[in-house]
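Colleague: Pasting a predicted model and its sequence here:
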Amino acid sequence: MLEIKNLHANINGKEILKGLDLVVRPGEIHAIMGPNGAGKSTLASVLSGNQAFEVTKGDVTFYGKNLLEMLPEDRSREGIFLSFQYPVEIPGVSMVNFMRTALNEHRKYNKLEPMSATDFLRTMREKKELVEMDSNLANRSVNEGFSGGEKKKNEIFQMAMLDPRLAILDETDSGLDIDALRIVANGVNKLKRTDNATILITHYQRLLDYIVPDFVHVLYDGRIVKTGGKELALELEDKGYDWIKKEVDGE
Amino acid sequence: MEQQYIELYKQHHESIKEHSATVMNTLRDGSFTLFEKLGFPTSKLENYKYSDLKEPLSIDYGLNINRVTIPVNPYEVFKCDVPGIHSFLFFVVNDAFYPVNEPNNKSLPNGVIIGSLKEIATTHPELLKDYYGKLSTTKNDGLVAFNGAFAQDGFFMYVPKGVVLDQPVQLINIMRSDVDFMANSHNLIILEDGAHAQLLVCDHTMDEVRFLSNRVTEVFVGENASYEHYKLENTHIKTTNLSTLLIDQKTSSTVLTNVITLHNGVTRNSIEIDLDGEHCETRLCGMVIADKNQQVDNFTYIMHNKPNCNSNELFKYVLDDNSKAGFTGKILVAKDAQKTSAFQINKNILLKKTAKMSTKPQLEIYADDVKCSHGATIGQLDETAKFYMQSRGIPEAEAKLLLMYAFTSDVIENIRITALQDRIKILVEKRLRGDLSKCEGCIICQ
Amino acid sequence: MSEAILDQVTQGEYKYGFSSDIETDIIPIGLSEEVVRLISAKKNEPEWMLEFRLKAYRHWITMEMPTWAHLNIPEIDYQSIAYYAAPRKNAPKSLDEVDPELLKTFEKLGIPLHERMALSGIAVDAVMDSISVKTTFKESLNEMGIIFCSFSDAVEHHPDLVQKYMASVVPYTDNFYATLNSAVFSDGSFVYIPKGVRCPMELSTYFRINAMNTGQFERTLIIADDDSYVSYLEGCTAPMRDENQLHAAIVEIVALKNAQVKYSTVQNWYPGDKNGKGGIFNFVTKRGICKGENSKISWTQVETGSAITWKYPSCILLGDNSSAEFYSVAVTNHHQQADTGTKMQHIGKNTRSHILSKGISAGQGQNSYRGLVKVNKNAENSRNYSQCDSLLLGDKCGAHTFPYMEVNNDSSVVEHEATTSKINEDQIFYCNQRGISTEDAVGLIVNGYAKEVLNQLPMEFAVEAQKLLQITLEGSVG
């Protein structure tokens, strides 16, 4: 579904991604790991269309369509979901209002009628349970005054609502206590199907105890330098990144 | 009110010019014409809304147009120096630069010129001509115009490119006269690119007559230069201190201004800072402690004319008795001054029912990528904090004092001359305790 | 955010731009003592009213337009304005007699003039150009002793109340526009809530300027007697015209002991076109007095229209323990200018005031908040809290804040906070990532930003106001 070829990207003139390749097929879970500053979050930003990043070279296609030419909202409507590392607070905008607007935009894009208010509220109730969210969170403003754990649960809740084809979870595990981590992971696992895929961006192996990846990639200095199965994550946990850095820099 | 000065100028402009310098005289008639048009400012003008100058301006003051030497030994008068401060020390008596033989002043770095504006305007006109009046003549202000017409001398400081003054320069203004007296001095301060200087201006009065000082200070801060300006006022209740400080900042320059009014009569400080280059930093602080019938109005205006500049403003007032004070914090962000950040805080405490405070923050913003905020409060000391202290055995009066002292402390922290900071701490505490209900340092108050 | 999107978002055009084809009775343009007499005569006014008008007129000719506001007001020729225009068939006795065209206009506006609107529980007095057209629910309100009628009716039927309270809050000498209004005002609404009565429904006025080259000078007087309560709504629209039209109204509120008055405005006069041509000059004096102890006045305004707005709904807190609120959202887009805010004058002891102002500037709009909080010497233990925020959309607009705080005693606390910032791009991107277009995202974020104020509006108005905010800032509605 997703094909990334030789992707180069800059921020403020500094090159972060330096020729990244990746292929994701339906039903797969990919974990992208790597040391700080390797370009993990940049990849998430570029895929979701954050204009702070400039793509200088390379192609990205999503189900054959050129992703890089699409507006951020169209990428979302095509089925790409980004769980933000730092979810944004939007004061005064209720979660209900926000989510209904988003969901109906998706439906419009897919030539469906807007969802009725009762159906919408029912769906919201169902999905909320998935992430064990406090029921009145939905009436609060988007992420405003949410704790770190609530914000991340809210991201997974939104993911459940929008039912993406490709979910990119950017450091979703950071700052979570063990209970919240279990809930978030559980949510992701329940949403897993054969026709969708997930990219997990993480610094620690911890999350992978709960969500088992099909592939583990090591991102270093703007490129994927190593790919393996879930055992690679354990090796990284054990040995750190230094041996990979040596291997690459020694080339 | 204005008429007597208009007559005076018409009759005596020849002698005024004769006892001044050509550079200053070239702008004199223009300033006079502007003053004739504007007159003295009244509280009807938006910028003078909180300054009531009618009474002090109606006094029949004498002017020393013919520059008669005033018999005074500044060392005898000037006793409230800052212990432990190592400074280059200079005096201006009324509005005349007073030559003293300070041994330390000989160690000024090469190329630095400090002295009488009138004399240096005569000996080095090339140094001044691009600067004198450059800021003041753009102001449509009656007091500034009046100064332009009548000022004959003042303080001059020039710090050449890259020179760093490692000691502060201290300028002591002393008012001395046997009759009600008006002084119009003009100060000019030039820091070339990369220069660094600190100036401490102390205002004192002796003699129990009415004084009016109408001073204009122009400061030019070059690229990457840094300048600190401290004004410490400790004058008697019959003094009217009108001070206009105009600062022009070039790219990447840094300025700190801290204006402290400890004791005074009627004070009006106008401070206008033009951020005329990118990446400038400016910090503007002030404190007022006033009681009796004292009046203080601080008018500040920061012009963000270029992108990427930061300004920060902090003013605190403690008002007792029948004192009356005002604050204006005007901030302009010009059309293309993107990435501006401008913050302002003004907090005021009224200790008596008869004290009056008016505050007027103003933001005028014409760019969109800005972060600006201002906060102002007028109120009292925190009752819960006071009660908490009392519950720990601290008497109410002492608790109040501690809270007031704490209230002013962040302004004092913005003094980067340690000896001065220590001194101000002591003076503020004394002032708050009421041990300093007269001005310190002058003969009559002791 | 790209320029193109911003442009799109800020190019919304006026929705209420239609002019009705109604026969109108207009007196010749220009202002003189004769015209003042003519207006008074047309309305069959008693002598005392004419005297009041003439006093105001004679004072007005000695005055000049105020220039202190942060506004660029073009020269106004007061002699080229018609000071009176009334739909010709007036004073209908039932709906059947109302000009069908007029009814259609109100339907287009969505004004609940029909009896069926009883369901929504709103009583409406519609003022079109200069004449009050129809007051609904008059009878049912009458039973409770509530008087809700046109100002002219009040002059005729309740002269004692009018004489007692008219100009008691805004004297005829108050300011240039108020004095002009006092001389030439055409009609408006009058409300009296008797002692102990809680008005069971929202009272509402809808203003509309229809005729060419006419000014609209309405006058509203609300009196809430001891222990009473009323919520009052005011809506305004005007058709599109190339010339600027003048609107100079007066609203006076008197709240007696323990009375509460809530006054809400959604102002959507024609703002002029994209290039700043045409639009209404909205120069309005609104002031209330908390005359009795424990009284309360609350102003809420959503200002999206008019080419120029000059308006400061204010309160005089005279009664001890009285309180006042001011909630405002003001939007300026294209070439609109607004200088708006409030004055809170604390005179009584233990008085409270709260100010919340949200300014939004887009296009080349200039938006100023101007406020005065004054605490008099004897207003012991008074308290004010003000917050004013400005949001900037685009780099050609301006946002300005001019608060004045004057405290003259040592037991009161006045606090003011203000922030100015541009719309947050992270928020827009977050919305984008969830599939919401930038245009919709701006609408959502702006509505969220203004929410605290919108929450103060009665439900039906809040929905309308939310839509208006979106329309004012979006390109989606032509």
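Modeller: Arrived safely, thanks for sending.

Colleague: burial of the residue of the stretch 201-350 of chain B found nearest chain A, as a residue count?
Modeller: With distances taken as C-beta to the nearest C-beta, the stretch 201-350 of chain B approaches chain A most closely at B:Lys339, which sits 13.7 Å away. Just so you know, the C-beta spots here come from the backbone N, C-alpha and C atoms, and that holds for glycine as well. By the criterion of other C-beta atoms under 10 Å in any protein chain shown, B:Lys339 has 15 neighbours.

Colleague: Now do it against chain C, distance only.
Modeller: Per C-beta to the nearest C-beta, to the nearest Å, B:Lys339 is found 10 Å from chain C.

Colleague: While we're on the spatially closest residue to B:Ser20 that is not a sequence neighbour, how confident is the model there?
Modeller: Once flanking residues are discounted, B:Ser20 sits nearest to B:Gln152: 4.0 Å by C-beta to C-beta, 6 or more residues apart in numbering or on different chains. With respect to pLDDT, B:Gln152 scores 95.

Colleague: List phi and psi for B:Gln152.
Modeller: B:Gln152 adopts backbone torsions of phi -120, psi -20, taken as degrees, to the nearest 10.

Colleague: how close does B:Ser373 get to C:Glu380?
Modeller: 30 Å (C-beta to C-beta, to the nearest Å).

Colleague: circling back to that earlier point, check contacts around the residue nearest to B:Ser20.
Modeller: Contact criterion C-beta atoms under 8 Å, 6 or more residues apart in numbering or on different chains gives B:Ile16, B:His19, B:Ser20, B:Met24, B:Ile65, B:Arg67, B:Asp95, B:Lys118, B:Asn184 as the residues in contact with B:Gln152.

Colleague: Most neighbours of all those residues, which one?
Modeller: Comparing those on neighbour count, B:Asp95 comes out first with 28 neighbours (neighbours: other C-beta under 10 Å).

Colleague: contacting residues around whatever residue of the stretch 151-251 of chain A ends up closest to chain B?
Modeller: Here the residue of the stretch 151-251 of chain A nearest chain B is A:Lys151; by C-beta to the nearest C-beta that distance is 23.7 Å. By C-beta under 8 Å, 6+ apart, the contact list for A:Lys151 reads A:Pro87, A:Asn143.

Colleague: Quick check: what element follows the helix or strand containing it along the chain?
Modeller: Take DSSP states H and E as the rule and A:Lys151 turns out to sit in helix A:148-162. Next helix or strand after helix A:148-162 toward the C-terminus (DSSP H and E): strand A:166-170.

Colleague: Pull up the pairing partners for that next one, direction included.
Modeller: strand A:80-83 (parallel), strand A:197-201 (parallel) (DSSP bridges).

Colleague: tell me the most buried of the ones you listed?
Modeller: Greatest average neighbour count among these goes to strand A:80-83 (a mean of 26), per mean count of other C-beta atoms under 10 Å in any protein chain shown.

Colleague: The helix or strand following that strand close to chain B?
Modeller: Toward the C-terminal end, the helix or strand that comes next after strand A:80-83 (DSSP H and E) is strand A:90-94. No: remark: strand A:90-94 sits outside contact range of chain B, by C-beta under 8 Å from any C-beta of the partner chain, the gap being at least 15.8 Å.

Colleague: For residue 205, what are phi and psi?
Modeller: Picked chain A for this. With angles defined as degrees, to the nearest 10, A:Gln205 sits at phi -80, psi -20.

Colleague: Neighbours of it, how many?
Modeller: Neighbour number of A:Gln205 under other C-beta under 10 Å is 19.

Colleague: follow-up on the earlier one: for C:His158, see how far away the residue nearest to B:Ser20 is.
Modeller: Taking C-beta to C-beta as the measure, B:Gln152 and C:His158 are separated by 72 Å.

Colleague: Same question for C:Cys199.
Modeller: Shown here: C:Cys199 relative to C:His158, a distance of 17 Å by C-beta to C-beta.

Colleague: quick one: terminal-to-terminal distance for stretch B:409-428?
Modeller: End-to-end distance for stretch B:409-428: 9 Å, by C-alpha to C-alpha, to the nearest Å.

Colleague: residues in contact with the residue in the stretch 1-150 of chain B that chain C sits nearest to?
Modeller: Using C-beta to the nearest C-beta, the point where the stretch 1-150 of chain B gets nearest to chain C is B:Glu46, with a distance of 7.3 Å. The contact partners of B:Glu46, by C-beta under 8 Å, 6+ apart, come to C:Trp68.

Colleague: hey, which helix or strand in chain B has the poorest pLDDT?
Modeller: The weakest-scoring helix or strand in chain B, judged by mean pLDDT, DSSP states H and E, is helix B:74-77 (a mean of 70).

Colleague: Identify all contacting residues around the helix or strand following that one.
Modeller: Read in the C-terminal direction, the helix or strand following helix B:74-77 is strand B:88-93, with elements assigned using DSSP H and E. Strand B:88-93 is touched from outside by B:70, B:72, B:74, B:78, B:97-98, B:100, B:102, B:104-105, B:108, B:114-115, B:154-155, B:165, B:167-174, B:176, B:185, with contacts defined as C-beta under 8 Å, 6+ apart.

Colleague: doesn't B:Val209 make contact with B:Ser177?
Modeller: Yes: using C-beta atoms under 8 Å, B:Ser177 is in contact with B:Val209, at 5.7 Å.

Colleague: how about the helices in the stretch 101-250 of chain C?
Modeller: Along the stretch 101-250 of chain C, the segments classed as helices by DSSP state H, counting those that start in this stretch run C:138-143, C:151-157, C:159-165, C:176-184.
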